[in-house]
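Asks: Just need the structure, nothing else, for what follows:
(chains A, B and C)
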Amino acid sequence: MIGQDLLGMEQLSREQIGRILHTAERMQEVGAREVKKVPTLRGRTIVNLFFEASTRTKASFEIAGKRLSADVVNFTPSTSSMKKAESILDTARTLDAMDPDCVVVRHAVAGVPHRIAQVLTAPVVNAGDGAHEHPTQALLDLLTVKQAKGRIDGLSVTIIGDVLHSRVARSNIYGFTKMGAEVRVAGPPTLIPKGIERLGVKAFTNLEQALIGADVVMALRIQNERLAGSHVPSVREYAATFGLDRTRLQYAKEDAIVMHPGPVNRGVELSQELVDHRPSVILDQVRNGVALRMAVLYLITGRPHASVQAEEG
Amino acid sequence: MRKILIRGGRILDPSRERDEVADLLLENGSVAGSGRNLRVDGAELIDATGLWVAPGFIDLHAHLRTPGQEHKEDIASGGRAAVAGGFTAVACMANTDPVNDDPAMTDFILDRARQESPARVYPVAAATRGLKGEVMTEMSALLEAGAVAFSDDGKTIMDSGVMRRVLSYSKLVGLPIITHAEDRTLVGSGVVNEGHVSTVLGLPGNPSVAEHVHVERDVLLAELTGAHLHVGHVSTAGAIDAIRRGRERGVHVTCEVTPHHLTLTDEACLGYDTNTKVAPPLRGDADRSACRRALAEGVIDAIATDHAPHAVHEKDQEFSDAPPGMIGLETALAVVLELVRAGELSPLELVRRLATNPARVISVAGGSLHDGSAADVVLIDPERRWRYDPAKGYSKSRNSPWAGVELTGRAVATFVGGRLAFQLERGVLLP
Amino acid sequence: MAHSHSAGSSTNSERGRTQHSPEAEPPLQSNAVRLVFDDPGIRRALTRIAHEIVERNESPELLYLVAIPNGGIPLARRLKANLGEIARVEVPLGILDTTLYRDDLSARGERPLLRETEMPSGVDGRVVVLVDDVVKSGRTVRAAMDALMDFGRPRSVQLVGLVDRGHRELPIKLDYVGKNVPTSAHETVRLQAAPDASAGELEVVVAGGEAREPGERG
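Replies: Numbers count the residues shown, from 1 in each chain, chains lettered A, B, ... in the order given. This is a model prediction of the structure:
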């Protein structure tokens, strides 16, 4: 996998996902040490190319790179919709000329990491592109579930919320279905893409039905713009129909866990009580994020070795 | 004056239902005769063995970007691209900068065309001032200046009351109203056909119903007013059905389809190539099939390129921000020949949709090889294999999804008014 | 069932598995496989080494056995048992994967799979006894020492190698050797479960003439 781009979960095989998770579990141990650093990527340059603002994901990647002793550089091009200083591909070409070993890209528009990957020699990690994919989020979610439940195969996962605009939903749908879980999505009809069943999930507009027997319940963040009336009439209505609280959670299995990619709109997607205490594993997700990103950076940073390229896969 | 004898080609003249191998004589800018083994003294001989001989194609829908956007294309380069593609005439849309909503502007365009374009240029003037969809343009004055139709293409007239009055008024001048039918409120921020592909790509979707809704509306309004409605770049089964039903009721509605909507689907967008971003978007397989069927059945009258040049740096942006459109004058023939090879259209029927019917829609001369008609002729080698490199083409722009693709079929010579304007070996020939 | 062992002469080869996948390596296919150390021989060697460790170290309560996966693990376990008997001391047993400290990570197509690391005791002030099955170039040991330093400051570090097969590339010396096995560079030497043996029996074999496997290290 060295030198291979990680643009989405769609392209990963079950075997590759397993490999990444296995490696992330080992990286967790590094995070538990007092000296949380290993020399593995010493001398490598990792660039965080974030066109879309993000504190947590960027920090997570930065910490991950630094724990591997890499030099991490943050590059935040102006995203003003007025005249852009430089086109995206020009930015990528300029970066390519500086020979980074890995570039992490986040952008508000889908497809940008793909275009950038065509220009860069270094591998590209998609840290979120529009509504398309956010593979490291899905991978850390898979890791969290694997550790909480001991397995992923055969579990029932329910994803609640704005699936239409969510890259986290898409990546998780690919990830969990590839690893053998049964995935259901639930949300207001205006926020569930038509034909989502083609991705191998069942869609519900009734939350209770979607929760029956779930082992894992994942609530997605709903943006204020959607709540303001365009897709959902009001915050109050969304919380009343799709907000998860203890009562609704009873429809799921007794030992179901609650997840959320964060940041949580308390009282909207999740009731107050569900955020901070078990069965919520939200903080585990965050913690696992660093280990997972360390695993990804470890596995792909670098140029593919010419003579052993055939070993990839 | 010049006599040109085109020998031994397969003559395809839909105006006379003619499909046979024969010679064609051009003299003084007109077709002067046709028959087998003609002997004409002093005529320049052109061997057309193995080639098709057809009336020059007429493109009902192209953007020549003049005035105001000449970095993408201008009348000279657009005209050259046209004859290189076998088009002897091009109808150019009004969404220029400033908009062609004024007789002086129409005049300017025609003047430029006379000086610089090897192909005929027929300006389509705006239907409403500034393309704002509020106040109609001076259609009578524009007709006099040389406009052949009116269209707000690029935009849509959202206000149905305005659309009704525009259609109604157009009867004064008897020119068609060409629409870009898309309910903008349904399109929203959609940039790709709404469906499985848009879900997988994570891009906002543009549902086919956005086109259907407006075509139903426009057909009803055309019925109400008795005007001639021409639906631009139709792409959905729903819209086609609305058009067919309208025609059955006697509504004067015609329509066109692009080469890309006949051959590509939204799956071409997987991979985020902005050269596949177009409005209306590439649709799903069912819509594509419906377009092909409707074209073969004659429900769709014409093939029009919607040649929409954009500069490299403009297409080199995020998918959502890149302007929609692809160039098509130089590749249209090769692309639509696929339908002939698939047995869906005969060569004669293809030519009808590329030349004869377009001439009828905008009521200009052309699409015919009968004696006395203007010598706008194209020689086609349907088997010619070539790799398309937009950088080597005549258009200033390169935004084509067929860049680098091996194509089959090409115009090898184009005559406009009896003058050889393009020959494959020598390129575009200017007077 | 026997512990899993890595293919090739090194504990840190590409196809190494964690100790939790308990399938033993199948015997090598090559014709020229020779047994150089059988289970009774290994046991005797480990008994002797345990005695040597006690001899050399005045304060056995400071000892800390740290196994280099995968081969070092069963050996370290036996040593722990031996030391318990001989010196009546409960020596802590750690497992330290050295993969993240390797010096050859860029020269390959795939990053090697990581193995378990479990260090139950702190390293400060301890006499760390590294345990590896086969020592060849010395690079694995070098990586292990770097890793160890990240855990703290041992009082000293000593090295047990069950088999010393020579071909050092770094100045690493073994403090305790089970057996010296001269080999040519392209042979593979490995610790594996003894076939048709009862649980836990080990043996070391040398396979001659096989091309050097990617990931082979010493």
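
Asks: for chain C, which residue is closest to the average position?
Replies: C:Asp132 (1.8 Å; C-alpha atoms, centre = their mean).

Asks: Equivalent analysis for chain B, please.
Replies: B:Ala304 (2.3 Å).

Asks: phi, psi of that residue?
Replies: phi -130, psi 140 (degrees, to the nearest 10).

Asks: ok, back up a step: which residues sit in contact with the residue nearest to the centre of chain C?
Replies: C:Asp132 sits next to C:Thr11, C:Ala67, C:Ile68, C:Gly71, C:Gly72, C:Thr140, C:Val141, C:Ala144, C:Leu159, C:Val160, C:Gly161, C:Leu162 when contact means C-beta atoms under 8 Å, 6 or more residues apart in numbering or on different chains. All C-beta spots, glycine's among them, are computed from the backbone N, C-alpha and C.

Asks: so how many other residues sit close to the last one?
Replies: Spelled out, it's C:Leu162. 27 (other C-beta atoms under 10 Å in any protein chain shown).

Asks: now it, nearest residue through space, not along the chain?
Replies: C:Gly178 (4.0 Å; C-beta to C-beta, 6 or more residues apart in numbering or on different chains).

Asks: does the one you found belong to a helix or a strand, and which?
Replies: strand C:176-180 (DSSP states H and E).

Asks: And that strand, what does it pack against?
Replies: strand C:33-37, helix C:39-56, strand C:156-164 (3 or more C-beta pairs under 8 Å, 6 or more residues apart in numbering or on different chains; DSSP states H and E).

Asks: Out of these, which is the most enclosed?
Replies: Highest mean neighbour count of the helices and strands packed on strand C:176-180: strand C:156-164, a mean of 23 (counted as mean count of other C-beta atoms under 10 Å in any protein chain shown).

Asks: before we move on, the earlier item: next SSE downstream of the strand holding C:Gly178?
Replies: In N-to-C order, the element after strand C:176-180 by DSSP H and E is strand C:188-193.

Asks: quick one: that next one to strand C:33-37, angle?
Replies: Strand C:188-193 and strand C:33-37 are oriented at 70 degrees to each other (axes from the mean of the first three to the mean of the last three C-alpha atoms, to 10 degrees).

Asks: mean confidence score for strand C:188-193?
Replies: Strand C:188-193 shows a mean pLDDT of 91.

Asks: which stretches of the chain have low pLDDT?
Replies: Since no chain was named, I'll use chain A. Counting by pLDDT under 70, the low-confidence segments of chain A come to A:78-85, A:227, A:304-313.

Asks: oops, chain C please
Replies: C:1-31, C:107, C:197, C:209-218.

Asks: part of a strand, is A:Asn241?
Replies: In this structure residue A:241 is Thr, not Asn. No. Looking at A:Thr241 with DSSP: H, G, I helix; E, B strand; the rest coil, it is helix, so not inside a strand.

Asks: separation between it and A:Leu270?
Replies: A:Thr241 is 14 Å from A:Leu270, where distance means C-beta to C-beta, to the nearest Å.

Asks: May I ask which helix or strand encompasses B:Leu26?
Replies: Element membership of B:Leu26, judged by DSSP H and E, is strand B:18-27.

Asks: Tell me which strands that strand pairs with, and in which orientation.
Replies: With DSSP bridges as the test, strand B:18-27 is paired with strand B:3-13 (antiparallel), strand B:30-35 (antiparallel).

Asks: And the strands in chain C?
Replies: In chain C, the strands defined using DSSP state E lie at C:33-37, C:63-67, C:93-95, C:127-135, C:156-164, C:176-180, C:188-193, C:202-207.

Asks: same for the fifth one, what does it pack against?
Replies: Counting contacts by 3+ C-beta pairs under 8 Å, 6+ apart, the secondary-structure elements packed against strand C:156-164 are strand C:33-37, helix C:39-56, helix C:72-87, strand C:127-135, helix C:139-151, strand C:176-180, strand C:188-193.

Asks: so who does the closest residue to B:Met136 other than its chain neighbours touch?
Replies: Nearest residue to B:Met136, sequence neighbours excluded (C-beta to C-beta, 6+ apart): B:Val166, at 5.1 Å. Listed by C-beta under 8 Å, 6+ apart, the contact partners of B:Val166 are B:Ala127, B:Thr128, B:Met136, B:Phe150, B:Ile157, B:Ile177.

Asks: Ends of stretch B:35-46, what's the gap?
Replies: 15 Å (C-alpha to C-alpha, to the nearest Å).

Asks: quick one: the helices in chain A?
Replies: A:14-32, A:56-67, A:88-97, A:112-119, A:135-149, A:167-178, A:207-211, A:224-225, A:235-242, A:246-249, A:272-276, A:282-300 (DSSP state H).

Asks: buried ones in the fifth one?
Replies: So that's helix A:135-149. A:135-146, A:148-149 (16 or more other C-beta atoms under 10 Å in any protein chain shown).

Asks: can I get the residues you listed in a markdown table with distance to chain B?
Replies: A markdown table is the format used below for these (distance: C-beta to the nearest C-beta, whole Å):
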| residue | distance to chain B |
| --- | --- |
| A:Pro135 | 12 |
| A:Thr136 | 16 |
| A:Gln137 | 13 |
| A:Ala138 | 13 |
| A:Leu139 | 17 |
| A:Leu140 | 19 |
| A:Asp141 | 17 |
| A:Leu142 | 19 |
| A:Leu143 | 23 |
| A:Thr144 | 23 |
| A:Val145 | 23 |
| A:Lys146 | 25 |
| A:Ala148 | 28 |
| A:Lys149 | 28 |
